[in-house]
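Colleague: Next input, structure requested:
(2 chains)
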Amino acid sequence: MTREEALAGIVEVLKTIKMANPKGLKNITEESDFIADLGLPSTELINIVAKAEDQFDLEFDDDDIDDLGSKVKDTVDLILKTAEAN
Amino acid sequence: MTEPNRKAWLASDPREILLHGPSKIYLDHHWWFYPSTGIVGSYEVQAKDVHDHFGVFRGVDMIESAGQTGVSACSMLFAYIDLKSAPEVQQRFIMAFLGLGQAVFHDFVEQGETLVNVCAIHQYKFRQIRFSAVVYKAHEPAEIAPYFAHLPEDQLGVAPVPESFKKVAEFTDFIGRAINRNKI
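Modeller: Presented below is the predicted three-dimensional model:
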């Protein structure tokens, strides 16, 4: 899986998150921040990564989520790391 | 979670599970629990809880009681399922109450009355739990145990509650999480 594919999958996930700021959804990059740029509460990050698990058919480790930052690139890294390990 | 483990946990004392000090625990018993469905706990309001507050239990403490039922007890339980060791869980995690949607109060609760927190779990993922709660006061506390002992998993919030239960509050979108102490 490439970073571009991971990012595209995250964008698809974000389209299903009702609380995401529509303006923020238009220009998502790896540097976008779920909280600052998309207006999401920090508790919603769990929902995003849970949906990303389904999107990519992966299973993230609880401890990895403890370390997860709020930028899109952090979730991209997590997806690639988990996919590589599988 | 095996059935024997579920029953053993239900029989456990919340004071041994919660990290709060004794004066801040608002949960006496667990009555019902299915990890993917919900959890039920109760608390009898004490004199200390209504002191300097018109003889009634504060709404914020009612939220805390429901929160302890759902957030603390459930987060602890789920972590316990993973780690198989309550002391290790208490060493590694702090149970944090992160958010609440709407709180609606229908009635008040006085000293000596028993609250029943019926928490419906909507999501548990990565040690974060999201649930809603309906709080009753049980005019006949002796009815609590038999009612929940025979309540099937698919009937929480569906089957009618005993007539002696009076709804006092409803809380939506509770969110809590077991946070690793090393990450704070």
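Colleague: Mind listing what's buried along the top strand by length along chain B?
Modeller: What stands out as the longest strand in chain B, according to DSSP state E, is strand B:165-180. Going by neighbour count (16 or more other CB atoms under 10 Å in any protein chain shown), the buried part of strand B:165-180 is B:165-166, B:168-171, B:174-180. Placement of C-beta: from N, CA and C, glycine included.
Colleague: Please tell me the pLDDT value assigned to residue 78.
Modeller: Just going to use chain A. pLDDT for A:Leu78: 97.
Colleague: To clarify, I was referring to chain B.
Modeller: pLDDT, B:Phe78: 70.
Colleague: Tell me how many other residues crowd it.
Modeller: Residues lying near B:Phe78 (other CB atoms under 10 Å in any protein chain shown) number 20.
Colleague: what sits against it?
Modeller: B:35, B:124, B:127, B:129, B:178 (CB atoms under 8 Å, 6 or more residues apart in numbering or on different chains).
Colleague: Tabulate these (JSON lines), appending secondary structure and distance to A:Asn21.
Modeller: Formatted as JSON lines, those follow (DSSP: H, G, I helix; E, B strand; the rest coil; distance: CB to CB, whole Å):
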{"residue": "B:Pro35", "secondary structure": "coil", "distance to A:Asn21": "34"}
{"residue": "B:Tyr124", "secondary structure": "strand", "distance to A:Asn21": "27"}
{"residue": "B:Arg127", "secondary structure": "coil", "distance to A:Asn21": "27"}
{"residue": "B:Ile129", "secondary structure": "strand", "distance to A:Asn21": "26"}
{"residue": "B:Ala178", "secondary structure": "strand", "distance to A:Asn21": "29"}
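Colleague: Return the distance of the lowest-mean-pLDDT helix or strand in chain A from the chain's centre.
Modeller: When the helices and strands of chain A are scored by mean pLDDT, DSSP states H and E, helix A:22-26 comes last with a mean of 85. How far helix A:22-26 lies from its chain's middle: 15 Å, per CA atoms, centre = their mean, to the nearest Å.
Colleague: re the thing from before, among the contacts of B:Phe78, which one has the most neighbours?
Modeller: Counting neighbours by other CB under 10 Å, B:Ile129 comes out on top of the contacts of B:Phe78 with 28 neighbours.
Colleague: Cross-check the contact I'm expecting between that residue and B:Ala120.
Modeller: No. Counting by CB atoms under 8 Å, B:Ile129 stays clear of B:Ala120, with 11.1 Å between them.
Colleague: tell me how far the ends of stretch A:18-36 are from each other?
Modeller: Separation of the first and last residues of stretch A:18-36 by CA to CA, to the nearest Å is 16 Å.
Colleague: list the buried ones in that stretch?
Modeller: A:20, A:24, A:28, A:30, A:32-34.
Colleague: out of those, what pair is the most spread apart?
Modeller: A:Ala20 and A:Glu30 (16.4 Å; CB to CB).
Colleague: returning to that earlier point: CA atoms of the least confident helix or strand of chain A as CSV?
Modeller: Taking Å, rounded to 0.1, in the frame of the first residue of the first chain, the C-alpha atoms of helix A:22-26 are listed here in CSV:
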residue,chain,number,x,y,z
PRO,A,22,-17.0,20.4,5.0
LYS,A,23,-14.5,23.2,4.1
GLY,A,24,-11.7,21.2,5.7
LEU,A,25,-12.6,18.1,3.7
LYS,A,26,-11.9,19.8,0.4
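Colleague: which strands and helices sit next to that helix?
Modeller: Using 3 or more CB pairs under 8 Å, 6 or more residues apart in numbering or on different chains; DSSP states H and E, no helix or strand is in contact with helix A:22-26.
Colleague: Excluding chain neighbours, what is closest to the residue positioned nearest the centre of chain B?
Modeller: Nearest to the mean C-alpha position of chain B, counting by CA atoms, centre = their mean, stands B:Thr69 at 1.3 Å. Spatially, and ignoring its direct neighbours in sequence, B:Thr69 is nearest to B:Gly41 (3.7 Å; CB to CB, 6 or more residues apart in numbering or on different chains).
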